[in-house]
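In: Here is my input, please return the structure:
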Amino acid sequence: MTKEEERKFVNHLIEATRSGKIDWSPTAVKDQFAASVQGKYIITVTKGWEEDEVYFELKMFDQKKRDMLETYQGVAELFQVARERGLRVDEAVTDILENL
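Out: Prediction:
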């Protein structure tokens, strides 16, 4: 898979998340969210640090938990939308606004 194909894939995941087609959940790992896609694949997005530098990583696994894809291309935006969806930020903001 080329870097351009990886970018397109990540952009598609961003749009699918925004439109509610992908539901993310926090994992036991700090700053990591996971989604099941089509009941066949698991995708994780992780924010990590290495030598005081932040990075964002996407990994895709099959049903047998085999590592299929790892990329860093454009993952920062995907992490942000997955985090908002996984933590139900919209619901929390609405709740606060309705009850203040």
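
In: The longest helix anywhere in the chain packs against which elements?
Out: For the chain, the longest helix by residue count, based on DSSP state H, is helix 3-18. Contacts defined by 3 or more Cβ pairs under 8 Å, 6 or more residues apart in numbering; DSSP states H and E place helix 3-18 against strand 67-71, helix 75-86. Every residue, glycine included, has its C-beta placed from N, CA and C.

In: Pull the distance from the helix or strand of the chain with the lowest mean pLDDT to the chain's centre.
Out: Every helix and strand of the chain was ranked by mean pLDDT, DSSP states H and E. The lowest is helix 89-99, at a mean of 80. In terms of Cα atoms, centre = their mean, to the nearest Å, the centre of helix 89-99 is found 22 Å from the chain centre.

In: can you check stretch 32-51 too?
Out: Worked out by Cα atoms, centre = their mean, stretch 32-51 lies 5 Å from the chain centre.

In: what comes into contact with it?
Out: Residues outside stretch 32-51 that contact it (Cβ atoms under 8 Å, 6 or more residues apart in numbering): 13, 17, 22-27, 29, 31, 54-63, 65, 68, 75, 78-79, 82-83, 85-86.

In: Apply 7 Å and report the result again.
Out: In this structure, residues lying in contact with stretch 32-51 by Cβ atoms under 7 Å, 6 or more residues apart in numbering are 13, 22-27, 29, 31, 54-63, 75, 78-79, 82-83, 86.

In: for stretch 61-71, same thing?
Out: Contacts for stretch 61-71 (Cβ under 7 Å, 6+ apart): 6, 10, 40-42, 57-60.

In: Buried residues of that stretch, list them for me.
Out: 61, 71 (16 or more other Cβ atoms under 10 Å).

In: avg pLDDT for the helix or strand hosting Leu58?
Out: Using DSSP states H and E, Leu58 maps to strand 53-61. Summarised as a single mean, pLDDT over strand 53-61 is 97.

In: Stretch 7-20 now?
Out: Average pLDDT, stretch 7-20: 96.

In: Also stretch 68-79?
Out: Mean predicted lDDT for stretch 68-79 stands at 95.

In: now that stretch, how far from the chain's geometric center?
Out: 8 Å.

In: and Glu91, how many neighbours?
Out: Neighbourhood size, Glu91 [other Cβ atoms under 10 Å]: 9.
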